[in-house]
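Provided below for reference: sequence and predicted model.
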6 protein chains.
Amino acid sequence: MFRHTKKLQFEAKPEKPDAVFAMKLQELIGGAFGEMTVTMQYLFQGWNCRMEGKYKDLIMDVATEEIGHVEMLATMVARLLEGAPADVTAKAAKDPVTAAILGGMNPQHAIVGGGGALAADSAGTPWNGKYIVASGNLMADFRANVAAEAQGRLQTARLYNMTDDPGVKAMLKFNLARDTVHQNMWLAAIEQLQEDGLEGPVAPTALFDEENQEHANTIWGLSDGTAAPEGRWASGPAPDGMHEFRYLDDPQPLGGPASAPPPDPALYGTYAPPGGQGSVKGAKAATKPQSMGDRIKDALE
Amino acid sequence: MFRHTKKLQFEAKPEKPDAVFAMKLQELIGGAFGEMTVTMQYLFQGWNCRMEGKYKDLIMDVATEEIGHVEMLATMVARLLEGAPADVTAKAAKDPVTAAILGGMNPQHAIVGGGGALAADSAGTPWNGKYIVASGNLMADFRANVAAEAQGRLQTARLYNMTDDPGVKAMLKFNLARDTVHQNMWLAAIEQLQEDGLEGPVAPTALFDEENQEHANTIWGLSDGTAAPEGRWASGPAPDGMHEFRYLDDPQPLGGPASAPPPDPALYGTYAPPGGQGSVKGAKAATKPQSMGDRIKDALE
Amino acid sequence: MFRHTKKLQFEAKPEKPDAVFAMKLQELIGGAFGEMTVTMQYLFQGWNCRMEGKYKDLIMDVATEEIGHVEMLATMVARLLEGAPADVTAKAAKDPVTAAILGGMNPQHAIVGGGGALAADSAGTPWNGKYIVASGNLMADFRANVAAEAQGRLQTARLYNMTDDPGVKAMLKFNLARDTVHQNMWLAAIEQLQEDGLEGPVAPTALFDEENQEHANTIWGLSDGTAAPEGRWASGPAPDGMHEFRYLDDPQPLGGPASAPPPDPALYGTYAPPGGQGSVKGAKAATKPQSMGDRIKDALE
Amino acid sequence: MFRHTKKLQFEAKPEKPDAVFAMKLQELIGGAFGEMTVTMQYLFQGWNCRMEGKYKDLIMDVATEEIGHVEMLATMVARLLEGAPADVTAKAAKDPVTAAILGGMNPQHAIVGGGGALAADSAGTPWNGKYIVASGNLMADFRANVAAEAQGRLQTARLYNMTDDPGVKAMLKFNLARDTVHQNMWLAAIEQLQEDGLEGPVAPTALFDEENQEHANTIWGLSDGTAAPEGRWASGPAPDGMHEFRYLDDPQPLGGPASAPPPDPALYGTYAPPGGQGSVKGAKAATKPQSMGDRIKDALE
Amino acid sequence: MFRHTKKLQFEAKPEKPDAVFAMKLQELIGGAFGEMTVTMQYLFQGWNCRMEGKYKDLIMDVATEEIGHVEMLATMVARLLEGAPADVTAKAAKDPVTAAILGGMNPQHAIVGGGGALAADSAGTPWNGKYIVASGNLMADFRANVAAEAQGRLQTARLYNMTDDPGVKAMLKFNLARDTVHQNMWLAAIEQLQEDGLEGPVAPTALFDEENQEHANTIWGLSDGTAAPEGRWASGPAPDGMHEFRYLDDPQPLGGPASAPPPDPALYGTYAPPGGQGSVKGAKAATKPQSMGDRIKDALE
Amino acid sequence: MFRHTKKLQFEAKPEKPDAVFAMKLQELIGGAFGEMTVTMQYLFQGWNCRMEGKYKDLIMDVATEEIGHVEMLATMVARLLEGAPADVTAKAAKDPVTAAILGGMNPQHAIVGGGGALAADSAGTPWNGKYIVASGNLMADFRANVAAEAQGRLQTARLYNMTDDPGVKAMLKFNLARDTVHQNMWLAAIEQLQEDGLEGPVAPTALFDEENQEHANTIWGLSDGTAAPEGRWASGPAPDGMHEFRYLDDPQPLGGPASAPPPDPALYGTYAPPGGQGSVKGAKAATKPQSMGDRIKDALE
């Protein structure tokens, strides 16, 4: 269960409104790596965490913080939009300043949100449940968390250069700092998982004996660039301590042709029997197919 | 430019058809971490890479391999679907074997794909351009690549346990191996970026002086779990070598209330002036607002 | 079955083209509460209505009108786009008037629609089948209809302030009027449902005896704002005439901890048995799991 | 800012696992009217609320409760999925009980979520930011809130009939009760808005003088059903107290033909000038068009 | 403007309910080539048609018919769902017949639609505004219309084989027939466009003099299959009567390397100047960039 | 399996950057008919093709070429974005040139892509797996291919008029040419399918005897335009050589009313038995329903 205090985690007061920046800032609310994503990603990871203890408690701490980040950003957007609804086009277009803002703002901020934030990104694309990752495997998920915080800090840094409003910059300095500590924190958690003997560097820590050994350490040179073998991924020990990298210069396909079986006549795929004369027009000329029940049961036996 | 050989990178021959497993296998084709994602993610990263040389060449090598993985899986799906179109419901439902398959398969495999693979995941959700990450910052992107390969190997491992078909298992052993080496490879590339002095552990390697120092190393204890401070993220040096972790037990909000400014009357937000008597019904009773042009220009000055 | 007359329900003639306003007007065509939504929402409600008679006939009357509203708006958009395809950027950008229009229009109006309307909203997001509501319960659906017409009139009112074109304003005055009568109409239909004894104010009119009585009338004070108890939702009789509101100032959680069960080893969730020594790396060290068939059958017995 | 307690708002303990019901229950998590929707809808409404005081405090109280509802349901789903990963198809299909579960569960619960909940609905469609409504106009938004709680209670009631697990039923009884009080609460808030003189029954309370009076009270009989005039929406006073309903039996279109203007030659719309001889093949034969800059500037003057 | 008669264009009465087939039939309602698509595609094409006369009138005739097809199918789905809501899993799973239906039906038909049709396809994916094509160029659009009717008839034919219900088959025979005549009709309209001298076989009929002549007739052999040159696309006159096909056996790339320019330091792309010593960590070490205003203005001059 | 050469199929070098045109050009990368669509459409068609030989080899040739087209366009976009990240709004807005570019560019090009291309269209909507068509029936699919290349060439032609950059125009001349030959090629392949006796003009070539003959040749005049009968689709032989067109001037519905059956009480649809006294409030007053198991089994017998 959650509780809410009306105070923001950190102040979100722009000196002046700026509708264009409000649109850009939406990336940090509803973008693929925005605060809605990390909120939901960490919440679902926490609820899906199988071990009581330090990992689960950490995840829930951070998830709860992130809800408050959406709040800070939504408040900032509403304040940046103050006094910025759209006007009559012809009038607006005659003044370059107004014109630029008219062009650069998201019309839905006025028409749909009434001057408030939207659950969308800086291009107006709505947030999507597929952005989040919560697999139950903490190594795989913490890798995704580092990645999300890295992309988030990168986008925040880019936005930091697109404003000179001291109030906005103050908030973004806080966001940058949180993205720094959260990257460090998930990196530390990855180390901890290994120290605790719970997971190894390659996720999941399983099936190493069953996977195809011959192909578990080779980089296939399929593009004609010549520099790829210069990297440490091309030779020497791999980070998991279990493999020795090899670079294949001219790798050859190992499988047969990528053919598909003859179609079921009831599905009307275009088909002529190989070597056959004449033609087959869909199901018409096909011999009566074996019933599905029979075919499947045969297959199962 | 690309070229194609008709041979598969690795063989994709099931011993028997299995329409239910075909549906599940779609996760590896069109899921958020399926082969379409890594194909497009690596291609866009390669095209967006700013440095000629080993990084770009590696990315393009792997991207090109991944197109061939979509091909292997699509071929496998078509073969697993052989003889498995849907039948009349009442008949099918009378036989439990057929019934189970009827229930567990994606009807679009027959109706839309005619027995072929779809650009969708195991729940039928179509693949989406937002799944991919290509930011131009190699550290942030390689973090995402490790995460994608980890989730991919995890899903492959889960699928590996859901079949006993030797042909399917042989292909999945190859996929598992490739996901192992690709995780190792991106981990090695992350080390290489740091050795080459191009990026540090926290992305992007910038704005550390400007971000809010006070908040760049604290974990906020916002959930009442008590175990979070036991982890190495709660004290001691952070992985970036620049920060010392601190855990805040009862952190207090630093900002003011999350209020929004008075609405523009032309947007009809519900509002009554504080302390005012009577009421304001939308724009009707509002004093004539300052023109948008003026307000924005004022704001810009 | 439907028939079409080539005349518009109401005139849709702008005095002058305005590509920026055309983009904004798309909200009323393909937005979440645009005319495509109410068209499809009312059609599916009508087809899903179980009682012949006045409710179904009303729904089909209004549904049929709404198709004509999409037509009016699509015609208006095509006329607003006259002479407004994009031009060479550098040239356009040198003239502020053209520049503003260039920035504020949707490029797909030219590139994809060839100067015609799109099935999308004012941010370019395509219309989506999930926007519509048709549950078969008329009280629940009429509540959604009032809401849709209210949001629709609100957006129309906002757009009305963003143009001074007399032809556009004339059409929007008609739209505003229709949104007024449609709100009144669905409100009347809600009253009628209750007068006819078909539904009560709370939907569905069922399970009142089975639901948890103790929690059917309390507002949980989970945010620290102090004013919530001042409203009529905090005490006194509820609108359904069956409950007396209560406000809980410091409500406590009623459930146990939000824990998840141990993971299935075949899914490789990170896990260590509580109190156990050593570690479990995925499925490797796990004891052979009970077969799924057995576990499920046990569960079913 | 938010805080979290590890206890659930209400207990979420099934007696037995049930993977099929887990899939269905996803509707209440990530469906269009699930708990993710009301969580985000109320949060954004609260942050976009322009008046400090009882309305805003209420919205934030309820929003905060709803986050905890997602938590309850996600916990329930993880527990219902215990021991229910997919198995080898052929084996599973031989046992009808297992077969039914195999067919009726969402494969992503195992492959993607590792036995945990997903941010998706019961058909596997991911949650979407367009599901939420937060316009800044409280009347329009509270109408949407009543509708959401009504659809939510309806879906919960349907699900209540699809299980006989006492633990699941206990939780659903709590959910039903919360949906009852929340419907009552938003209905009371609608009454309060009117008592406070802030809004009238038709949203927004504005532009009644400007809208087309003649068309603000008529129901257009466009379907040939004859019963629609029997309802109270066809005559008598409208709920807003300002209009008298009228039913039009054979309404005629008021506008001219739905024509589009001649296309811009640079967009290659198919076109032949009326009365012209010969034909026009795209832009080829077209006279040089006036420059866009000129045309738009003319239009703006 | 539209009018509605309560009678269906063709009867839609199943002999018996069949919830599994109802789910499949959704493909024809809300699939990419279902009736919602052709309805909206033809409506938008008609409204976007620039010439009054036979083309526009035909498009509006067919568009209006298609709305009635959605109606037929939605009615059929509601009737097929009669008596088919989901039941308690454990009970249902014990009976194979019920179990199969439980597995093969879309749970949203009960939970969301209350036994009515959904605006979604057979995998539950909601209909999407991007499915439709309405470009203003009639040749390009009629090509899309033939394609849509062909896919539609193909899917209908597949569904026809999945039922033996005489009532369902009677309706599908009507649908098949309409898809036949609509394919013929759009093919005839393509011929008509050419006879009328409005468009040629290749759309748009423009820019043939400006396009790169050398590359307007060659098939590039980029896959190692050897049979492609056997087709009539490899030599001889092309269908447009203006080109002579050529097949290139070993085509070579014509462009330079696919490199991207150095990144803007403010965007923190990973970069080291070629030949440079040491490294560049993001913006930190970068020389102060030229202001964006200057760079863009330079570029524009 | 695929291989990559680092050279572009054709040069992609703009003379100057142009961020606005970069945004527009995204339509050709990630739009519904962009290069990602034809890449994936042809790949899936090739993998789903049931006949080895000239058709499959052709499809794979062209599919492989299209991957290289995405590469050309992505490279062009990165180069057009050089030096065009967003700047501080207020500064930018004071200079009309910068302002126009600020308004007309996609903010995600800077914030998300770091100056590189996105997997999205010119309105920022992400690419979607539902854009592609691969049914297994080559006639139906080749129809879709002609349509895709026609829309693609149309969009390219429109974009060609929106730039005067010689480098961009050179590349677009190549794209136009490829779209010309690809239209011709698929038209030739359609002729070839018929010459080879594999398919007829109407897809699929099946069920002509079973479909409703009476309705397989009539155009229903459902819109009041009078010109539709003037076209060759209204009389005379149809393109398939099997039907004679007929135009119906005043067609009447053939089916009964579009009614839905009484709802299942457990789904709480609003309902009163016809002629019944009193009312039914949902399930409450309903007689105990027959169990689902029984009802379905009855239906199946």
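Noted; the coordinates are in hand.

make it CA atoms for all contacts and neighbour counts henceforth
Will do.

mind giving me the domain ranges of chain A?
Structural domains of chain A, as assigned by automatic domain parsing, span the residue ranges A:19-195, A:213-248.

Do any residues in the last one lie close to chain C?
No. No part of domain A:213-248 sits close enough to chain C to count as contact by Cα under 8 Å from any Cα of the partner chain; the gap is at least 14.5 Å.

Now do the end-to-end distance for that domain.
Using Cα to Cα, to the nearest Å, the end-to-end distance of domain A:213-248 comes to 15 Å.

now the first one
For domain A:19-195, the first and last residues are 48 Å from each other (Cα to Cα).

Mind checking if the longest strand anywhere in chain A is in reach of chain F?
Counting residues, the longest strand found in chain A (DSSP state E) is strand A:244-248. No. Strand A:244-248 lies apart from chain F when judged by Cα under 8 Å from any Cα; the minimum separation is 13.3 Å.

same for that strand, what does it pack against?
When contacts are defined as 3 or more Cα pairs under 8 Å, 6 or more residues apart in numbering or on different chains; DSSP states H and E, strand A:244-248 sits against strand A:218-220, strand A:236-237.

Which one of these lies nearest to chain F?
Taking Cα to the nearest Cα as the measure, those were each checked against chain F, and strand A:218-220 came out nearest at 10.3 Å.

Tell me the helices and strands packed up against the closest one.
Packing contacts for strand A:218-220, counted by 3+ Cα pairs under 8 Å, 6+ apart, involve strand A:244-248, helix B:54-80.

which of the domains of chain A is buried the deepest?
Counting by mean count of other Cα atoms under 10 Å in any protein chain shown, domain A:19-195 has the highest mean neighbour count of those, with a mean of 25.

if we can go back for a sec, just put the helices and strands packed on strand A:244-248 in TSV and tack on mean pLDDT.
Converted to TSV, the helices and strands packed on strand A:244-248 look like this (pLDDT from 0 to 100):
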stretch	mean pLDDT
strand A:218-220	97
strand A:236-237	97
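
quick one: which of these is nearest F:Gly256?
strand A:218-220 (64.7 Å; Cα to Cα).

Tell me which strands that closest one pairs with, and in which orientation.
Strands that pair with strand A:218-220, judged by DSSP bridges, come out as strand A:244-248 (parallel).

which residues sit against the partner strand?
A:Asn217, A:Thr218, A:Ile219, A:Trp220, A:Gly221, A:Pro229, A:Trp233, A:Ala234, A:Ser235, A:Gly236, A:Pro237, A:Ala238 (Cα atoms under 8 Å, 6 or more residues apart in numbering or on different chains).

List the beta-bridge partners for the fourth one.
The residues listed as beta-bridge partners of A:Trp220 by DSSP bridges are A:Leu248.

That one: what's it in contact with?
Contacts were defined as Cα under 8 Å, 6+ apart; by that measure A:Trp220 touches A:Tyr247, A:Leu248, A:Asp249, A:Asp250, A:Pro251, B:Asp61, B:Val62, B:Glu65.

Please state the offset of the longest strand of chain A from the chain centre?
Centroid separation between strand A:244-248 and its chain, computed with Cα atoms, centre = their mean, to the nearest Å, is 30 Å.

same check, this time on stretch A:144-153
In this view, stretch A:144-153 has its centroid 9 Å away from the chain centroid, taken as Cα atoms, centre = their mean.

is that stretch anywhere near chain E?
No. When contact is scored as Cα under 8 Å from any Cα, no part of stretch A:144-153 falls within range of chain E; the minimum is 10.8 Å.

go on, stretch A:262-272?
Yes. Contact of stretch A:262-272 with chain E (Cα under 8 Å from any Cα) involves A:Ala266, A:Leu267, A:Tyr268.

Just the pLDDT for the first one.
In the prediction, the pLDDT value recorded for A:Ala266 is 91.

surely it meets E:Arg158?
Yes. Taking contact to mean Cα atoms under 8 Å, the distance of 6.3 Å between A:Ala266 and E:Arg158 places them in contact.

any idea which element A:Leu43 lies in?
helix A:35-47 (DSSP states H and E).

right, is that helix up against chain D?
Yes. Part of helix A:35-47 sits close enough to chain D to count as contact by Cα under 8 Å from any Cα, namely A:Phe44, A:Trp47.

So what touches that helix?
Against helix A:35-47 from outside (Cα under 8 Å, 6+ apart): A:28-31, A:56-57, A:59-60, A:62-64, A:66-67, A:69-70, A:127, A:131-136, A:141, A:145, A:148, C:258-260, D:71, D:74-75, D:116-118.

Show me which of the residues of stretch A:262-272 next to chain E is closest to E:Ala170.
Closest to E:Ala170 out of these is A:Ala266 (18.2 Å), distances taken as Cα to Cα.

Phi, psi for that closest one please.
Backbone dihedrals for A:Ala266, given as degrees, to the nearest 10, come out at phi -70, psi 0.

how deep is it tucked in, by neighbour count?
For A:Ala266, the neighbour count with other Cα atoms under 10 Å in any protein chain shown is 24.

Over to the one 5 residues further on?
By the measure other Cα under 10 Å, the count of residues near A:Tyr271 is 24.

Could you check the pLDDT of it?
The model reports A:Tyr271 with a pLDDT of 94.

secondary structure class for it?
State at A:Tyr271, reduced to three classes by DSSP: H, G, I helix; E, B strand; the rest coil: coil.

For the longest strand of chain A, give the mean pLDDT please.
The pLDDT scores in strand A:244-248 average 97.

which residue sits closest to A:Leu74, ignoring its sequence neighbours?
If you look again at residue A:74, you'll see it is Ala, not Leu. Of all residues not flanking A:Ala74 in the chain, A:Ala117 sits nearest, at 5.3 Å (Cα to Cα, 6 or more residues apart in numbering or on different chains).

where's the one you found relative to chain B, distance?
Distance, A:Ala117 to chain B, using Cα to the nearest Cα, to the nearest Å: 11 Å.

what about that residue, distance to C:Pro107?
Counting by Cα to Cα, the separation of A:Ala117 from C:Pro107 is 24 Å.

quick one on the thing from earlier: let me know which of the helices and strands packed on strand A:244-248 is the nearest to C:Val112.
Put simply, out of the helices and strands packed on strand A:244-248 the one that sits nearest C:Val112 is strand A:218-220, at 40.1 Å, with distance taken as Cα to Cα.

separation between the residue in the stretch 101-250 of chain A positioned nearest to chain F and chain D?
With Cα to the nearest Cα, the shortest gap between the stretch 101-250 of chain A and chain F falls at A:Gly104, namely 3.8 Å. A:Gly104 sits at a distance of 19 Å from chain D (criterion: Cα to the nearest Cα).

Low-confidence regions, chain A specifically.
The model of chain A has pLDDT under 70 over residues A:84-87, A:89-90, A:92-94, A:96-97, A:274-301.

residues touching the residue nearest the centre of chain A, list them.
Centroid-nearest residue in chain A, with Cα atoms, centre = their mean: A:Tyr131, separated by 4.8 Å. With Cα under 8 Å, 6+ apart as the criterion, the residues that contact A:Tyr131 are A:Ala32, A:Phe33, A:Thr37, B:Lys130, B:Tyr131.

How about A:Val146?
With Cα under 8 Å, 6+ apart, A:Val146 has these contacts: A:His182, A:Gln183, A:Trp186, A:Leu187, B:Arg143.

how far off strand B:244-248 does whatever helix or strand A:Ile190 lives in point, in degrees?
Here A:Ile190 is covered by helix A:166-195, with elements defined by DSSP H and E. With axes from the mean of the first three to the mean of the last three Cα atoms, to 10 degrees defining the directions, helix A:166-195 sits at 100 degrees from strand B:244-248.
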